[in-house]
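structure of the sequence below:
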Amino acid sequence: MNKVSDCYDIIIIGAGASGLLSACLLASSGKKILIIEKNKRVGMKLSATGNGRCNLTNLDMRARNYYCEKEFIESVINRVSPEDVISVFNNLGVYTRDKDGYVYPHTNQASTVINALIKGCEHESIFVLTDTLASDIVVNDDVNGNLPRFVVETSGGSFGSEKLIFACGGAAGAEQGGSGAGYELVKKLGHTVSEIYPGLTGMYAAGRWWKEVSGTRVQGSFSLYVDDKKEGTETGEIQITAKGVSGIPVFQLCRVAAQALAEGKNVWGEIDFVPGMRSEKIADWIDEHGVEGLVPAKWINIISQGDVVKNIKRFGFTITDTYPIEKAQVSAGGVPLSEIDRNSFESEVAPGAYLLGELLDVDGICGGYNLHFAWASAIISSHHLMEQI
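Residues are numbered from 1 along each chain as shown. Below you'll find the model as predicted:
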């Protein structure tokens, strides 16, 4: 690692997806760049994405797969396509493959992506500080230019720069180094932060019988209702825990449940154990074969209480909470998009600073969408920075 000096052209706070890619893309500028990372190693959260396989992007890239202003995300997708992301990583030495549109490194290992990003940062103008927490930001309005625009106070000293990139990530995934520290930093610049909710995680549900069926996996559909309005239905493998439900179908609707619960609304879920079969067909099947072939064995006793057909098609339960933000894969909420220049990701509050990725009020469903946004914000902001410097 190069010896760190006091002043830089660009400081990047956060060595995750958007921070590392920003450094790689800016390396050719010849500008002096410092990356500050609070964890002991770079790319910690990135190493856990896609169950360790790193789902880079998705070929089915549409605005409907995001929770945010659709016009904004459509603009981002139009400027940075999945093919653009694939090209960037091919240039970094990552060969990719896609499975049903889900794009992964060919090796199926997140470490391949992390190592490629680290190699891209091995440049004489890039310096890296790990295990270093950025605790404060000072903005200098020195018209004579005798002082750096930004001074970042850290556990390892003070560092100045003319440009600042916030790539701190969100509060999700505490075991991989996620925290809310980035939100507190941008507040020091004058930014606001909306309420933060857990995204892409499980839900707790009322009912003492969950322990009886814990550990089962249901190949069915999960529907979420808020105040009697259906908010969505997702199909796939629903994982049953001792306290409720988990699995990708549940993850996809988690942030809706979290926000509704925070607003004091009634939230409940439904499981359709056999989404490919209508109620009439199920009734005929049960008359001929019983319920054994339709639901996991542990569920038979519970399903058989009351209207069996209704229980199979619309097994309802009250959602009491979501898993905490520390266990979530992504944070929902963040800095409002109204506080950045949507064409460059530059701060409208503190010009010269750029806010990327999960720090912003943008989150997507499972499938590479959140990583795509992280990459895209890095690509767009880096292009703008290259024009500025």
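
which is the succeeding secondary structure element to the helix or strand residue 87 falls within?
Applying DSSP states H and E as the criterion places residue 87 in helix 82-91. Downstream of helix 82-91, the first helix or strand assigned by DSSP H and E is strand 96-99.

pairing partners for that next one, with directions?
When sheet partners are counted by DSSP bridges, strand 96-99 sits next to strand 102-105 (antiparallel).

list the contacts of residue 13.
Residues in contact with residue 13 (CB atoms under 8 Å, 6 or more residues apart in numbering) are 19, 36, 134, 152, 164-168, 182, 185. For glycine as for every other residue, the C-beta is placed from the backbone atoms N, C-alpha and C.

can you show me the helices along this protein?
17-26, 70-79, 82-91, 110-120, 181-188, 210-213, 248-262, 279-289, 300-303, 308-313, 369-388 (DSSP state H).

could I get these as TSV with mean neighbour count, mean pLDDT and distance to residue 174?
Below are these laid out as TSV (neighbours: other CB atoms under 10 Å; pLDDT from 0 to 100; distance: least, CB to CB, whole Å):
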stretch	mean neighbour count	mean pLDDT	distance to residue 174
helix 17-26	28	98	17
helix 70-79	16	98	27
helix 82-91	17	98	27
helix 110-120	20	97	18
helix 181-188	19	95	12
helix 210-213	16	97	25
helix 248-262	22	97	16
helix 279-289	13	97	42
helix 300-303	16	96	34
helix 308-313	18	98	37
helix 369-388	22	97	17
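
out of those helices, which is closest to residue 103?
helix 82-91 (6.4 Å; CB to CB).

angle of the closest one against helix 369-388?
70 degrees (axes from the mean of the first three to the mean of the last three CA atoms, to 10 degrees).

what packs against helix 82-91?
Secondary structure elements in contact with helix 82-91, counted by 3 or more CB pairs under 8 Å, 6 or more residues apart in numbering; DSSP states H and E, are strand 57-58, strand 96-99, strand 102-105, helix 369-388.

of all those, which one is nearest residue 203?
Using CB to CB, the nearest of the helices and strands packed on helix 82-91 to residue 203 is helix 369-388, at 19.1 Å.

filter the contacts of residue 13 down to the buried ones, PyMOL style.
To isolate the buried ones among these in PyMOL, judged by 16 or more other CB atoms under 10 Å, type:
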select buried, resi 19+36+134+152+164+165+166+167+168+182+185
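
so which of the contacts of residue 13 belong to strands?
Taking DSSP state E, the ones among these that sit in strands are 36, 134, 152, 164-166.

would you map the strands across the stretch 101-250 of the chain?
Using DSSP state E, counting those that start in this stretch, the strands found in the stretch 101-250 of the chain span residues 102-105, 126-129, 134-139, 150-154, 157-166, 197-199, 203-205, 217-226, 229-241, 244-246.

winner for burial among those strands?
strand 197-199 (a mean of 28; mean count of other CB atoms under 10 Å).

run the chain-centre distance for the helix holding residue 87.
Averaged C-alpha coordinates place helix 82-91 at 20 Å from its chain's average position (CA atoms, centre = their mean, to the nearest Å).

mind saving the C-alpha coords of it as CSV?
Provided in CSV are the C-alpha atoms of helix 82-91 (Å, rounded to 0.1, in the frame of the first residue of the first chain):
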residue,chain,number,x,y,z
PRO,A,82,-26.8,-4.4,-18.5
GLU,A,83,-24.6,-4.8,-21.6
ASP,A,84,-22.6,-1.7,-20.6
VAL,A,85,-22.0,-3.2,-17.2
ILE,A,86,-20.9,-6.5,-18.7
SER,A,87,-18.5,-4.6,-21.0
VAL,A,88,-17.0,-2.7,-18.1
PHE,A,89,-16.3,-6.0,-16.2
ASN,A,90,-15.0,-7.7,-19.3
ASN,A,91,-12.5,-4.9,-19.6
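
so what touches it?
The contact list for helix 82-91 (CB under 8 Å, 6+ apart) reads 21, 25, 56-59, 61, 96, 103, 105, 113, 116, 372, 375-376, 379.

could you work out the most separated pair of those residues?
Longest span within these, CB to CB: 25 and 59, 22.4 Å.

quick one on the thing from earlier: let's have the contacts of residue 13 in a markdown table, adding distance to residue 324.
Shown next, in a markdown table, are the contacts of residue 13 (distance: CB to CB, whole Å):
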| residue | distance to residue 324 |
| --- | --- |
| 19 | 25 |
| 36 | 27 |
| 134 | 24 |
| 152 | 29 |
| 164 | 30 |
| 165 | 29 |
| 166 | 24 |
| 167 | 24 |
| 168 | 19 |
| 182 | 18 |
| 185 | 22 |
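
who are the contact partners of the residue nearest the centre of the chain?
In the chain, the C-alpha nearest the mean C-alpha coordinate belongs to residue 330, at 3.6 Å (CA atoms, centre = their mean). When contacts are counted by CB under 8 Å, 6+ apart, residue 330 touches 170, 172, 199-200, 358, 363-364, 370.

most neighbours among the residues you listed, which one?
Neighbour counts for the contacts of residue 330 were taken using other CB atoms under 10 Å; the highest belongs to residue 358, with 32 neighbours.

now that one: closest residue in space that isn't a chain neighbour?
residue 170 (3.9 Å; CB to CB, 6 or more residues apart in numbering).

residues contacting the one you found?
Residue 170 neighbours (CB under 8 Å, 6+ apart): 178, 180, 182-183, 196, 330-331, 334, 358-359.

7 Å instead?
Taking CB atoms under 7 Å, 6 or more residues apart in numbering, we find residue 170 in contact with 178, 330-331, 334, 358-359.
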